[in-house]
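Trainee: Got a sequence here, can you build the structure:
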Amino acid sequence: MGVFTFEDEHISPATPAKLFKALVKDSDSIIPKFIEAIHSIEIVEGNGGPGTIKKITVVEGGKTSYVLHKVEAIDETHFGYNYSIIGGTGLEEILEKVEFETKILAGPNGGSLAKASVKYHTKGDAPLSDELRESTKAKGTGLFKAVEGYVLANPDY
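Mentor: Got it, this is the predicted structure:
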């Protein structure tokens, strides 16, 4: 199995606590409201904590797919959230899984610095294409910006 890692970070004017709440604690209910492609997020196993498996159903271009999202760790004190994409029709055939380690830190001017480490685990010796990595990065950035926009548009959130 090959393992390919990349790091990413985003600066936001939203506070770490509000971003964490929207990205982690309330994501199942709020994200499908403002990201059109995400049709639903449902718990298929567990209680929301570590070990929980969620099914995220996406409809893009008239095609429905899903991924299975496993919660690995939640650190509410330090705004950390780790999860893996472990299966589903939306997981590329060459991948065993994709691990995400995220942390939201205090950033400039009362805002946040969100850091993410992404590890792709490929089947056998399959290489990871730049196209797949860039596509995943773009989707992650889009999700982050959409949640940030929601938090900033709803100051009482």
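
Trainee: contacts, neighbours, all on C-alpha from now
Mentor: Will do.

Trainee: got the contact list for F6?
Mentor: 117-119 (Cα atoms under 8 Å, 6 or more residues apart in numbering).

Trainee: That one belongs to a strand, doesn't it?
Mentor: Yes - assignment of F6 by DSSP: H, G, I helix; E, B strand; the rest coil places it within a strand.

Trainee: can you pull up the bridge partners for it?
Mentor: When bridges are called by DSSP bridges, F6 pairs up with V118.

Trainee: Now do the same contact list for K145.
Mentor: The contact partners of K145, by Cα under 8 Å, 6+ apart, come to none.

Trainee: 10 Å instead?
Mentor: Contacts for K145 (Cα atoms under 10 Å, 6 or more residues apart in numbering) come out as 10, 12, 139, 151.

Trainee: Could you turn the buried ones of those into a PyMOL selection?
Mentor: Typed into PyMOL, the line below selects the buried ones among the contacts of K145, using 16 or more other Cα atoms under 10 Å:
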select buried, resi 12+151
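
Trainee: what distance separates the helix or strand where L143 lies from the centre of its chain?
Mentor: Here L143 sits within helix 130-153, counting by DSSP states H and E. Distance of helix 130-153 from the chain centroid (Cα atoms, centre = their mean, to the nearest Å) equals 9 Å.

Trainee: And stretch 70-82, by the same measure?
Mentor: Distance, centroid of stretch 70-82 to centroid of chain: 12 Å (Cα atoms, centre = their mean).

Trainee: tell me the SS of the residue in the chain sticking out farthest from the centre?
Mentor: What lies farthest from the middle of the chain is D125; by Cα atoms, centre = their mean that is 25.5 Å. On the three-state scheme (three-state DSSP), D125 is labelled coil.

Trainee: Now do the phi/psi pair for it.
Mentor: Phi and psi for D125, reported as degrees, to the nearest 10, are phi -100, psi 20.

Trainee: In this structure it contacts G2, no?
Mentor: Yes - with contact defined as Cα atoms under 10 Å, D125 reaches G2; the gap is 5.6 Å.

Trainee: in stretch 41-49, what counts as buried?
Mentor: Those would be 41, 43, 48, for stretch 41-49 by 16+ other Cα under 10 Å.

Trainee: Good, we can wrap up now.
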